[in-house]
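Asks: This is a predicted model, with the sequence first.
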Amino acid sequence: MNAAAPGHPAALRRADGSAVRVLVVDDESTLAELVSMALRMEGWDIRSAGTGADAVRVAREFRPDVVVLDVMLPDFSGIEVLRRMRAESPNLPVLFLTAKDAVEDRIAGLTAGGDDYVTKPFSLEEVALRLRALLRRAHGVAGSQGSTLVVGDLSLDEESREVYRGDELIPLTATEFELLRYLMRNPKRVLSKAQILDRVWSYDFGGQANIVELYISYLRKKIDADRAPMIHTMRGAGYVLKPAS
């Protein structure tokens with residue numbers, strides 16, 4: 001792993017001006033400390049844990065803004081840690097750490113609701129980059145505050161970050177919210193996977209366009225479940241959101 005310290009763009013802060021809180025979970029103590037040191041250089045408040053049980057306990061006490069979570073832990077998996085954390089903090093952004101050749105771990109992590117992943121070995125700069133992107137999606141919104149997007153019976157409040165289909169509140173993760181917002185800002189327009197990757201994930205995802213398919217499937221389960229569909233696949237072209245017919 002490249003231990004070079006990350007660059008230093010404008011520091012991200014919490015809404016109240018305090019330092020961003022990050023929980024780093026990995027049973028390799030040396031790796032956890034390297035990641036923690038690099039993120040402290042971002043000006044962030046860092047806590048770490050080496051087991052799933054400790055991670056859940058620290059998250060409950062520390063209330064992190066984002067979590068760096070290893071999939072493989074000595075007591076129970078990072079997937080189970082995510083499930084327990086999300087039970088208390090449904091919108092908590094999570095960046096998974098996975099082995100380079102463990103494709104099934106990456107798929108399992110994203111399917112369980114992880115927002116992003118990096119594979120070992122990784123650069124500290126990449127971890128910081130991914131976390132900044134997650135934090136902006138979760139806590140910093142682009143565009144006018146107080147704006148409400150409406151497409152058919154679907155509405156999205158950019159300030160409160162609440163989404164409704166009819167009268168039903170739809171809970172979304174940070175990445176799901178950002179994806180839906182992009183679709184709703186471009187109603188009836190076909191958006192390619194490349195366009196969605198560039199706008200929602202804000203960096204080159206190494207050709208992993210299947211993450212778009214995965215998150216579209218998440219949105220469909222929440223937005224279109226037992227209703228007339230609004231999200232449509234245009235084979236060979238991309239995706240489009242339009243009012244239900």
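Replies: Great, that's in hand. Numbers count the residues shown, from 1 in each chain.

Asks: isn't Tyr218 right up against Glu176?
Replies: Yes - judged on Cβ atoms under 8 Å, Tyr218 makes contact with Glu176 at a distance of 5.6 Å. Placement of C-beta: from N, CA and C, glycine included.

Asks: Pick out whichever of those two has more residues nearby.
Replies: Using other Cβ atoms under 10 Å, the more surrounded residue of Tyr218 and Glu176 is Glu176, with 23 against 18.

Asks: Who are the contact partners of that one?
Replies: 215, 218-219, 222 (Cβ atoms under 8 Å, 6 or more residues apart in numbering).

Asks: For it, grab phi and psi.
Replies: phi -60, psi -40 (degrees, to the nearest 10).

Asks: burial count for Ala15?
Replies: As a burial measure, Ala15 scores 8 neighbours (other Cβ under 10 Å).

Asks: sorry, that was for Arg14
Replies: Neighbours of Arg14 (other Cβ under 10 Å): 14.

Asks: Lys222 too?
Replies: When neighbours are counted by other Cβ under 10 Å, Lys222 comes out with 16.

Asks: Skipping adjacent residues, who's closest to it in space?
Replies: Ile170 (5.3 Å; Cβ to Cβ, 6 or more residues apart in numbering).

Asks: Tell me the spacing between the one you found and Leu149.
Replies: Separation of Ile170 from Leu149 (Cβ to Cβ, to the nearest Å): 13 Å.

Asks: Find the residue ranges of the protein scoring beneath the pLDDT cut-off.
Replies: Scanning the chain for pLDDT under 70 picks out the ranges 1-11, 100-111, 139-146, 202-209.

Asks: what residue is smack in the middle of it?
Replies: Asp115 (2.8 Å; Cα atoms, centre = their mean).

Asks: ok, now which ones touch that one?
Replies: Residues in contact with Asp115 (Cβ under 8 Å, 6+ apart) are 93-95, 134, 137, 173-175.

Asks: if we go to 7 Å?
Replies: 93-95, 134, 173-175 (Cβ atoms under 7 Å, 6 or more residues apart in numbering).

Asks: Which two among those are spaced furthest apart?
Replies: Leu95 and Thr173 (12.4 Å; Cβ to Cβ).
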